[in-house]
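1. have a look at this prediction, sequence included:
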Amino acid sequence: MFALVDCNNFYASCERVFRPDLNGKPIVVLSNNDGCVIARSNEAKALGVPMGAPAFQYTDLFKKNNIHVFSSNFALYGDMSNRVMTILNEMAPEIEIYSIDEAFLRFTGSQNLNLQDIGQKIKNRVQKSTGIPVSVGFAPTKALAKVANKIAKKFPERTSGVYIIDNEEKRLKALKWLPVEDVWGIGRQHTKRLNKLGIKNAYEFSQLSDTWIKKNMSVLGLRLKKDLFGIPTLEIEDLKSKKSIATTRTFDKNYKDFEQIKERVVTFAVTCSEKLRKQKSQCNSILIFLHTNWHRKDLPQYIKNIVVKLPYPTNSAIELAKFAVIGLKKIFIQGYEYKKAGVIVIDFTPEEQEQMALFEKQDERHKKIMKTMDNLNDKFGNHKIKLAAQDLKRRWKMNQEKLSPRYTTKIDEIILIHC
DNA sequence: TCTGGGGTCCTAGGGCGA
DNA sequence: TCTGTCGCCCTAGGACCC
């Protein structure tokens, strides 16, 4: 039996843990740069704030309804997520952390287990220890556990936040209830195609022929169909190293100047290098991209990316910055107004695997420098030590007007209780 | 004026050697 | 020697997830 434990309105709930005065009040959390809505409390959903809504179009609605707006605070959410996952890890024999706010658990020998009781215990313990409300769905497959979780979340009064699909009657009832666009693995494009055929819910999808599904939705669609029938095709997966690491940002304004963009791209490359070193990988290629603002139809548009193959695998900030600038020079065209750029490192090899490069070799001193850089940044806070090409005066700043304190990860932002 | 960021997997199609 | 075919590898792009 699988369980899917999902935190309710996770980012909004994190903000509420430290602002209990906001319980029962509408909250939204905005994306980086305060761009669009990425999380909503139930109250904000009820007021009609859609997911992904551009913040500037909703300022009036926010004001009128006293909706509390937060800039995203990923230091806080990441730390709260770790706390939740640590508890879940203690409560199940097998766990797969699927995303920042959800995890699959696996229970074996479930005919002898009281799943309702286990679900309630998980829910209560996470709530008590972290303040985060969760919903739990149990089912014989991952896709059905997702469905069960949706039911638990949608009907908290009737389910107490825990729902179990453990017989055919419940399975069919659940699939007939679930709109096809809400099925895990069916996105916008597939929904359009399915709707054209008159398919409206998960049950109708499960009745489609394998041939149609394979042709239109690839083997992933077929796997999904089986999973919805209760035949497991997806297992608990071990924590894997990433296959690509990206650092990309939308700018606060349009940039025209090469030097400004170069500074951003170097910083993105440095961040990628840190993430690479953390998972003990080196990359063999680096992708750099540039975008103008596609919302500004009145301005000329330009989108370009380039993959730079490295002469040797590396995770040195100095090397990656160097190659990122080489790539940027090749795609940058003067005259456009750029709104977004990014660096993605790809094609990894393990750090310990030394490759014999035929002609060129990484400067051995870099390893020592990077180690020192990481140590100093660990000690004095992230990104205190920079490369000279980066913005040392920090002129560049993300819009984060409504940022909450980093309550759990910064000692000087911790909550004070005055007695 | 202001519209996120970070991932994964699969397929089609082209290049290329056997 | 030329051409067709097969399979492998690679890449771009599309789909999905949170």
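-> Arrived safely. Numbers count the residues shown, from 1 in each chain, chains lettered A, B, ... in the order given.

2. run the chain-centre distance for the host helix or strand of A:K192.
-> Under the criterion of DSSP states H and E, A:K192 resides in helix A:188-196. Chain-centre distance of helix A:188-196: 25 Å, with Cα atoms, centre = their mean, to the nearest Å.

3. following it, which helix or strand shows up next?
-> Toward the C-terminus, helix A:188-196 is succeeded by helix A:202-206 as the next helix or strand (DSSP H and E).

4. now that following helix - C-alpha only, PDB.
-> Written as PDB, here are the backbone C-alpha positions of helix A:202-206 (Å, rounded to 0.1, in the frame of the first residue of the first chain):
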ATOM      1  CA  ALA A 202     -10.500   9.700 -14.800                       C
ATOM      2  CA  TYR A 203     -12.800   6.700 -15.200                       C
ATOM      3  CA  GLU A 204     -13.500   7.500 -18.800                       C
ATOM      4  CA  PHE A 205      -9.800   7.900 -19.400                       C
ATOM      5  CA  SER A 206      -9.100   4.500 -17.900                       C
END
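
5. mind listing what's buried along it?
-> For helix A:202-206, burial by neighbour count (16 or more other Cβ atoms under 10 Å) applies to A:A202, A:Y203, A:F205, A:S206. All C-beta atoms are positioned from the backbone trio N, CA, C, and that covers glycine.

6. residues touching A:Y11, list them.
-> For A:Y11, the contacting residues are A:V29, A:I38, A:A39, A:F70, A:S72, A:Y77, by Cβ atoms under 8 Å, 6 or more residues apart in numbering.

7. name the nearest residue to the fifth one, ignoring sequence neighbours.
-> On the basis of Cβ to Cβ, 6 or more residues apart in numbering, the spatially nearest residue to A:S72 that is not a chain neighbour turns out to be A:V29, at 5.7 Å.

8. just give the closest residue to whatever residue of the stretch 201-350 of chain A ends up closest to DNA strand C, not the sequence neighbours.
-> With Cβ to the nearest atom of the strand, the shortest gap between the stretch 201-350 of chain A and DNA strand C falls at A:V307, namely 6.1 Å. Using Cβ to Cβ, 6+ apart and skipping residues adjacent in sequence, the residue nearest A:V307 is A:L287, 4.9 Å away.

9. and if you look at A:L172?
-> Looking at A:L172 with Cβ to Cβ, 6+ apart, the closest residue is A:Y203, at 6.5 Å.

10. ok, now how distant is the one you found from A:L222?
-> Separation of A:Y203 from A:L222 (Cβ to Cβ, to the nearest Å): 17 Å.

11. swap in A:M398?
-> For A:M398, the distance to A:L222 - Cβ to Cβ - is 42 Å.

12. one more: A:C272?
-> Taking Cβ to Cβ, one finds A:C272 at 36 Å from A:L222.

13. go on, A:L416?
-> 56 Å.

14. any idea which helix or strand carries A:D238?
-> Assigned by DSSP H and E, A:D238 falls within no helix or strand.

15. could you look up the SS state of the nearest residue to it once chain neighbours are set aside?
-> Of all residues beyond its chain neighbours, the one nearest A:D238 is A:E96 (7.8 Å), with distances taken as Cβ to Cβ, 6+ apart. Using DSSP: H, G, I helix; E, B strand; the rest coil, the structure places A:E96 in strand.

16. just the helices in chain A please.
-> Assigned by DSSP state H, the helices in chain A fall at A:10-17, A:42-46, A:59-64, A:74-91, A:115-130, A:142-154, A:156-159, A:168-177, A:188-196, A:202-206, A:210-229, A:258-278, A:317-331, A:365-380.

17. the ones you listed into CSV, with extra columns for distance to DNA strand C and mean pLDDT?
-> Listed next are the helices of chain A as CSV, based on distance: least, Cβ to the nearest atom of the strand, whole Å; pLDDT from 0 to 100:
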stretch, distance to DNA strand C, mean pLDDT
helix A:10-17, 7, 96
helix A:42-46, 16, 94
helix A:59-64, 23, 94
helix A:74-91, 10, 95
helix A:115-130, 16, 97
helix A:142-154, 7, 96
helix A:156-159, 18, 96
helix A:168-177, 15, 97
helix A:188-196, 3, 91
helix A:202-206, 12, 95
helix A:210-229, 8, 91
helix A:258-278, 16, 94
helix A:317-331, 13, 93
helix A:365-380, 25, 80
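
18. make JSON lines out of these and add distance to A:E235.
-> Below are those laid out as JSON lines (distance: least, Cβ to Cβ, whole Å):
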{"stretch": "helix A:10-17", "distance to A:E235": "25"}
{"stretch": "helix A:42-46", "distance to A:E235": "33"}
{"stretch": "helix A:59-64", "distance to A:E235": "43"}
{"stretch": "helix A:74-91", "distance to A:E235": "18"}
{"stretch": "helix A:115-130", "distance to A:E235": "19"}
{"stretch": "helix A:142-154", "distance to A:E235": "8"}
{"stretch": "helix A:156-159", "distance to A:E235": "26"}
{"stretch": "helix A:168-177", "distance to A:E235": "20"}
{"stretch": "helix A:188-196", "distance to A:E235": "23"}
{"stretch": "helix A:202-206", "distance to A:E235": "20"}
{"stretch": "helix A:210-229", "distance to A:E235": "11"}
{"stretch": "helix A:258-278", "distance to A:E235": "26"}
{"stretch": "helix A:317-331", "distance to A:E235": "35"}
{"stretch": "helix A:365-380", "distance to A:E235": "35"}
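
19. hmm, back to that, list the contacts for the residue nearest to A:S72?
-> A:Y11, A:A12, A:E15, A:V37, A:I38, A:A39, A:R40, A:V69, A:F70, A:S71, A:S72.

20. please name the bridge partners of it.
-> Here A:V29 sits in beta bridges with A:A39, A:F70, going by DSSP bridges.
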